[in-house]
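Undergrad: 3D model of this:
(one chain, ligands or ions: 2)
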Amino acid sequence: MKILVIGAGGREHVLAHKLHQSPLVNELFAIPGNDAMSEIAQVQSDIAETDHDTIVSFAQEHDIDWTVIGPEQPLTEGLADKLEANDIKVFGPKKAAAQIEGSKLFAKQLMQKYDIPTAEYKEVKTKTEAQNYIQRCEYPIVLKKDGLAAGKGVIIANNLEEANEAVEKLYPEEDGIVVFEQFLEGEEFSLMTFVNGTYAVPFDCIAQDHKRAFDHDEGPNTGGMGVYCPVPHIGEDVLQQTNDKIAQPIAKAMVEEGTPFFGLLYIGAILTSEGPKVIEFNARFGDPEAQVLLTRMESDLMQHIIDLEQKQPITFKWKSQSVVGVMLASKGYPGSYEKGKQVSGFTLDGKYFVSGLKKEQDKYVTSGGRVILAIGEGDDIAKAKVQAYEAVDKIESDALFYRSDISDKAIKK
Ligand code: AMP
Ligand code: GLY
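TA: Ligands and ions are numbered 1, 2, ... in the order given. Alright, predicted model coming up:
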């Protein structure tokens, strides 16, 4: 089969890496891809992931059998709709279903209607209303701007002063939708679920991301600074509850609402004293969750996609090893940072996945905030962590920073 991967980040790098290993895949293309993928895929960096018409023409010209869409933006903009309208198979939801990620409000209303456990919320439509609400709400309170924000549109305010600042930031003008949410306490985890209509199959391996920029979960929210799997201290009972109370009902709810989901539904959950509750849904693989989960996955991703399409049983096979991934990001991220800084010392054999590097005169230089994920594998999380940080140490650059406590939550327990 000929497969086209859409996207340019570390998630797409691992998707290409994993699909390349499939005996079902003969030819692999990536739009726009990144330079690190060019050893395993034909990278079309001249086509933008927002240029839907050109992507459709490309897929037709190259007889692409399946397109696998990595990032949220083309999904929420309807790339899957366009490809399917031209008889090209797509792994990824249509625009209407991708709203589950694209609109916090859509997701919240759906969860409320179908009794799916999540934080209580209030929709606030103007700055004035927000300014009034923060005078009387309970703290801490969580503010989420409606729409895509790459993990950076969420502010947790501990008191009125912080809430005031947050309102100023999230309402550049009087009108705008912000969802105010009850603050939930507990440990977060990410559950990837294959969904085709009412047929939902969660991975039987969960991952844990580290969203804050700095050690001990301090600093601003990011797209994700490091990740590991499996999560030994979040047991099978939690996975089962997440499946029964969240994964199965949300798949059915989407069908009932006339927006059936096909693709990978990311359940971002928090384990509260009342059980798992939804923090967010994403309409695609997590980044960097995909990098560790697909490294640990032994079974064939392409076969799983085909089985999902045909609603056949999906049996995952995982390596016995644990996997830890540490993100190296440009100094300054998630705020402003410099680009064009040289990075070397890494290999492209599955030990590193590249999100923000490009080649200039045979050297790799930074081109984004999150730059490269270093992977470690070991018999348990502690051993995998040692390997991951050894991989970090091999990277030469003075432009990057990383967290030093990735996976510690699993090691201390
Ligand atoms: P989101 O973009 O919705 O995933 O939010 C980003 C991060 O903010 C999450 O990963 C959590 O760490 C935190 N967060 C979001 N909503 C809540 C909530 N209701 N209670 C506690 N923390 C939250
Ligand atoms: N790692 C979090 C996300 O992909 O949204």
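
Undergrad: Doesn't V178 belong to a strand?
TA: Yes: applying DSSP: H, G, I helix; E, B strand; the rest coil, one finds V178 inside a strand.

Undergrad: Wait, it touches Q131, no?
TA: No: with contacts counted by CB atoms under 8 Å, V178 stays clear of Q131, the gap being 11.4 Å. Every C-beta, even on glycine, is put in place using the N, C-alpha and C of the backbone.

Undergrad: quick one, which of the two is more surrounded?
TA: V178 (26 against 15; other CB atoms under 10 Å).

Undergrad: so P202 sits right up against T193, yeah?
TA: Yes: counting by CB under 8 Å, P202 touches T193, with 4.3 Å between them.

Undergrad: which residues do the two both contact?
TA: Shared contacts of P202 and T193 (CB atoms under 8 Å, 6 or more residues apart in numbering): A247, I267.

Undergrad: where are the low-confidence patches of this structure?
TA: The model of the chain has pLDDT under 70 over residues 148-152, 413.

Undergrad: Centre-most residue in it?
TA: Central residue of the chain (CA atoms, centre = their mean): G286, 2.0 Å from the mean position.

Undergrad: mind checking the SS state of that one?
TA: G286 - assigned by three-state DSSP - is coil.

Undergrad: now swap in K383 and tell me
TA: Classification of K383 by three-state DSSP places it in helix.

Undergrad: cool, and A30?
TA: Under three-state DSSP, A30 comes out as strand.

Undergrad: Which residues are in contact with each of V178 and Q131?
TA: Counting by CB under 8 Å, 6+ apart, the residues touching both V178 and Q131 are V167.

Undergrad: For the spatially closest residue to N86 that is not a sequence neighbour, the count of nearby residues, please.
TA: Excluding the flanking residues, the one nearest N86 by CB to CB, 6 or more residues apart in numbering is V56, at 5.2 Å. Number of residues near V56 (other CB under 10 Å) recorded here: 18.

Undergrad: Residues of the chain that sit close to ligand 1?
TA: 119, 142, 144, 151, 154, 181-184, 188, 211, 221, 268, 279-280 (CB under 6 Å from any ligand atom).

Undergrad: What ranges does the stretch 301-413 of the chain have for its strands?
TA: 322-330, 352-354, 357-360, 363-366, 370-378, 400-401 (DSSP state E, counting those that start in this stretch).

Undergrad: so how far is T67 from the closest residue to A329 other than its chain neighbours?
TA: Nearest non-adjacent residue to A329, counting by CB to CB, 6+ apart: R370, 5.0 Å away. Separation of R370 from T67 (CB to CB, to the nearest Å): 24 Å.
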